[in-house]
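In: Structural data only, the sequence is not supplied:
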């Protein structure tokens, strides 16, 4: 039995997983998500990891491999670091074993990752530097409208006549939203318009990555039911051969993938050490 | 847990690195000016990559100064007027540095035969600075002692005499042997740093080692040797813990240097660069095997026998191409090779397919990228290096 952990440092939140592996059986012992909110990153990482360990009933000494991902290269107590695309692919596969693609929507980027049955990345497509396909953009819009992130999805689904956002640029779209508010457009219709605009960009990535079959959404926006509904609408409208799904642990997929790969790497290092000793 | 003693060593290492970074960023060559002020009448002679016999310059009483371009710190205006758009960035920035007066502290320049662009640069330089010493150093591509050796011995003698005449010194075998000994000592220290990187790479980040080595482009050889040794002592004692990164060899950066940001990006992406070809002049010869007889013969023999392998050196036996790279991979226990070449670098980019074929044959994982000394956008490189490191760690053999 091996205990490993995965820590995913995103641009707005830190996610941590403590995982127990025995043969092919894996069980999440502890999980935590802490928002950064302008605090010192090292403190947030430490608090988040501590919370996940406490939930697992473990100490740092029990953990055989601390795998980081995301912006966590400077976490000093890490054993190793994995690139976030690699970990989201593996985490997504763990959450939805039928999935052969992941749509990771985080605070700054959206990206589609196509993978094989082992979670090995085959192809990816990513939004460019513009943040209009991302959670940070949505959070900014919510702030203008006085709506919390948790409320966005439900409100968006109440829309009857979504207002089209004319620009894909985050800055100009925010101006658009201000205009909509002054024109008396309802909050649900504004939000649905925003969700459709984001979904439009993401669905284009799905097509470009030549995805088919089950596609699992990961990242912080995986829980946004408004965006999920908008994505489903556009996938159906454009007749893509893709079945979208999400999972309650989707925001933790990166941390989960890191913890799984930490265990893989630990075994590999042991094999390398025994080979070196034998030679 | 760090003790007061290790905290002191950590502070020492940080202070050395801060000084090295200052030197790296200083395009005005303040350290060279300070050296000249402390040695009235002495000359500073600039040199370009890949290799010049710095012992000759030193023995003539000159300070050898490595000119490695302006990196990302200087906007190129005049340099663009001298070179076509399909030429690498390095010669533009050398010309820009020269024409903007930033290299005025140098009393001369040596252009070793690295490629056609450097040869053209030497011509443009001679036209731009007609009053200054400038030499195109045609280091031999024939490694037969009776042909290339004879030619190179004569070249070294001529350079030695010309520099001594310029600095008002009498050529002396004794002085030259003393300079050879100083550079042997420097090469030993540099080798120790590379050994530490190979054995305990987490003790010294690749970017830290780079800065310490880069300081050797401006400092007097004795001062640089002392700096490397002090740094080694500090980092061996400071607290550090092993990190499971992918061990890689970097190949292709022997002339135009990658920006420091790129070296740090590779680190952040989980690549531990355990060997490289940055600033090969620091370790081109290894240690000179003999210390008697004629010092010029010794330098020439060492060049013929121990020259490093790089794209600017002709390898007549095609089957031997890439042997040194494979040796470097094996010796450093690297798990892959990153071919990082400057854009438009003909030697590196023409060599690359041959070296990639050797890696394929030997089962060595590899990836390839291009950069310029002023590359600022690191995200694509981070993605490529990060996924390469993961592929090595997770999907490689074993």
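Out: Happy to help now that I have it. Note that the coordinates shown come from a computational prediction; the quantities given were computed from them, not determined experimentally.

In: Domain boundaries for chain A, per the record?
Out: Per automatic domain parsing, the structural domains of chain A span A:2-84+A:252-278, A:97-246.

In: Rounded mean pLDDT for the longest one, please.
Out: This points to domain A:97-246. On average, the pLDDT along domain A:97-246 is 88.

In: Quick one: the helices in the stretch 1-150 of chain A, in order.
Out: A:41-56, A:84-95, A:135-145, A:149-156 (DSSP state H, counting those that start in this stretch).

In: Please identify the most buried of those helices.
Out: Sort the helices of the stretch 1-150 of chain A by mean neighbour count, taking mean count of other Cβ atoms under 10 Å in any protein chain shown, and helix A:84-95 sits at the top with a mean of 29. Just so you know, the C-beta spots here come from the backbone N, C-alpha and C atoms, and that holds for glycine as well.

In: Where do the strands of the stretch 151-279 of chain A begin and end?
Out: Counting by DSSP state E, counting those that start in this stretch, the stretch 151-279 of chain A has strands at residues A:213-218, A:242-245.

In: May I see those strands organised as TSV, with distance to chain B and mean neighbour count added?
Out: Formatted as TSV, those follow (distance: least, Cβ to the nearest Cβ, whole Å; neighbours: other Cβ atoms under 10 Å in any protein chain shown):
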stretch	distance to chain B	mean neighbour count
strand A:213-218	17	24
strand A:242-245	23	19
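
In: Which of those strands sits closest to residue B:186?
Out: strand A:213-218 (51.8 Å; Cβ to Cβ).

In: Distance to residue B:241 added to the domains of chain A, as TSV?
Out: Below are the domains of chain A laid out as TSV (distance: least, Cβ to Cβ, whole Å):
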stretch	distance to residue B:241
domain A:2-84+A:252-278	8
domain A:97-246	28
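
In: Let's verify residue B:340: helix, strand, or coil?
Out: In three-state terms, and counting by DSSP: H, G, I helix; E, B strand; the rest coil, residue B:340 is strand.

In: Which parts of the stretch 1-150 of chain A are strands?
Out: Using DSSP E, counting those that start in this stretch, strands in the stretch 1-150 of chain A cover A:2-9, A:13-22, A:25-35, A:65-70, A:80-81, A:101-105, A:110-115, A:121-126.

In: The stretch 251-398 of chain B too?
Out: According to DSSP E, counting those that start in this stretch, the strands that the stretch 251-398 of chain B contains are B:271-275, B:336-342, B:365-371.

In: who wins for proximity to residue B:44 among these?
Out: strand B:336-342 (26.1 Å).

In: List the neighbouring strands of that closest one plus their orientation.
Out: Strand pairing for strand B:336-342, using DSSP bridges, gives strand B:246-251 (parallel), strand B:365-371 (parallel).

In: So for the first one, mean pLDDT?
Out: Across strand B:246-251, the average pLDDT comes to 96.

In: the inter-axis angle of that strand versus strand B:271-275?
Out: Orientation of strand B:246-251 against strand B:271-275 (axes from the mean of the first three to the mean of the last three Cα atoms, to 10 degrees) gives an angle of 50 degrees.

In: Any idea how far strand B:246-251 is from the middle of the chain?
Out: Averaging C-alpha positions (Cα atoms, centre = their mean, to the nearest Å) puts strand B:246-251 17 Å from its chain's average.

In: what's in contact with that strand?
Out: B:201, B:266, B:270-278, B:325, B:328-329, B:332-340, B:355, B:388-390, B:392-393 (Cβ atoms under 8 Å, 6 or more residues apart in numbering or on different chains).

In: Dead centre of chain B: give me the residue that sits there.
Out: residue B:279 (0.4 Å; Cα atoms, centre = their mean).

In: Over to the residue nearest to it when sequence neighbours are not counted. Which of the three states is it?
Out: With Cβ to Cβ, 6 or more residues apart in numbering or on different chains as the criterion, residue B:279 has its nearest non-adjacent residue at 5.6 Å, and that residue is residue B:213. Three-state call for residue B:213 (three-state DSSP): helix.

In: where do the helices sit along the stretch 251-398 of chain B?
Out: B:260-268, B:295-306, B:323-331, B:346-362, B:379-390.

In: in the helix or strand hosting residue B:10, what counts as buried?
Out: For residue B:10, the host element (DSSP states H and E) is helix B:4-25. The neighbour-count check on helix B:4-25 (16 or more other Cβ atoms under 10 Å in any protein chain shown) flags B:9-10, B:12-13, B:16-17, B:19-21, B:23-24 as buried.

In: what does stretch B:198-215 give?
Out: B:198, B:201, B:203-215.

In: Could you work out the end-to-end span of that stretch for me?
Out: Stretch B:198-215 has its terminal residues 21 Å apart, counting by Cα to Cα, to the nearest Å.

In: For residue 97, the count of nearby residues, please.
Out: Looking at chain A here, since you left the chain open. Here the count is done by other Cβ atoms under 10 Å in any protein chain shown, and residue A:97 has 10 residues near it.

In: Chain B is the one I meant
Out: Neighbour number of residue B:97 under other Cβ under 10 Å is 24.

In: so who does the closest residue in space to it that isn't next to it in sequence touch?
Out: Counting by Cβ to Cβ, 6+ apart, residue B:103 is the residue found nearest to residue B:97 once chain neighbours are left out, at 5.1 Å. Residue B:103 sits next to B:29, B:46, B:67, B:97, B:109 when contact means Cβ under 8 Å, 6+ apart.

In: again, only using 7 Å
Out: B:46, B:67, B:97 (Cβ atoms under 7 Å, 6 or more residues apart in numbering or on different chains).

In: List the contacts of residue 206.
Out: Going with chain A. A:103, A:112, A:215, A:240, A:242.

In: wait, chain B
Out: Taking Cβ under 7 Å, 6+ apart as the test, what residue B:206 contacts is B:263, B:266-267, B:273.

In: re the thing from before, looking at the helices of the stretch 1-150 of chain A, which is nearest to chain B?
Out: Of all the helices of the stretch 1-150 of chain A, helix A:84-95 sits nearest to chain B, with 4.3 Å by Cβ to the nearest Cβ.

In: what about the closest residue to chain A within the stretch 101-250 of chain B, distance to residue A:149?
Out: The nearest approach of the stretch 101-250 of chain B to chain A comes at residue B:244, 3.4 Å away (Cβ to the nearest Cβ). Using Cβ to Cβ, to the nearest Å, we find residue B:244 at a distance of 35 Å from residue A:149.

In: Find the residue closest to whichever residue of the stretch 101-250 of chain A sits closest to chain B in space, skipping its chain neighbours.
Out: Closest to chain B within the stretch 101-250 of chain A is residue A:120: 6.2 Å, counting by Cβ to the nearest Cβ. Closest residue to residue A:120 in three dimensions, ignoring its sequence neighbours and counting by Cβ to Cβ, 6+ apart: residue B:395, at 6.2 Å.

In: How far does the lengthiest helix in chain B sit from its chain's centre?
Out: The residue-count maximum for a helix in chain B (DSSP state H) belongs to helix B:173-199. Distance of helix B:173-199 from the chain centroid (Cα atoms, centre = their mean) equals 14 Å.

In: Make TSV from the strands of the stretch 251-398 of chain B and add mean pLDDT and mean neighbour count to it.
Out: Compiled in TSV, the strands of the stretch 251-398 of chain B are given as follows (pLDDT from 0 to 100; neighbours: other Cβ atoms under 10 Å in any protein chain shown):
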stretch	mean pLDDT	mean neighbour count
strand B:271-275	95	24
strand B:336-342	96	24
strand B:365-371	95	19
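
In: Out of the ones you listed, which is closest to residue A:57?
Out: Using Cβ to Cβ, the nearest of these to residue A:57 is strand B:271-275, at 34.3 Å.

In: Any residue of that closest one touching chain A?
Out: No: Strand B:271-275 is not in contact with chain A by Cβ under 7 Å from any Cβ of the partner chain; minimum separation 10.3 Å.

In: That strand - contacts with which helices or strands?
Out: Contacting strand B:271-275 under the criterion 3 or more Cβ pairs under 7 Å, 6 or more residues apart in numbering or on different chains; DSSP states H and E are the following elements: helix B:173-199, strand B:246-251.
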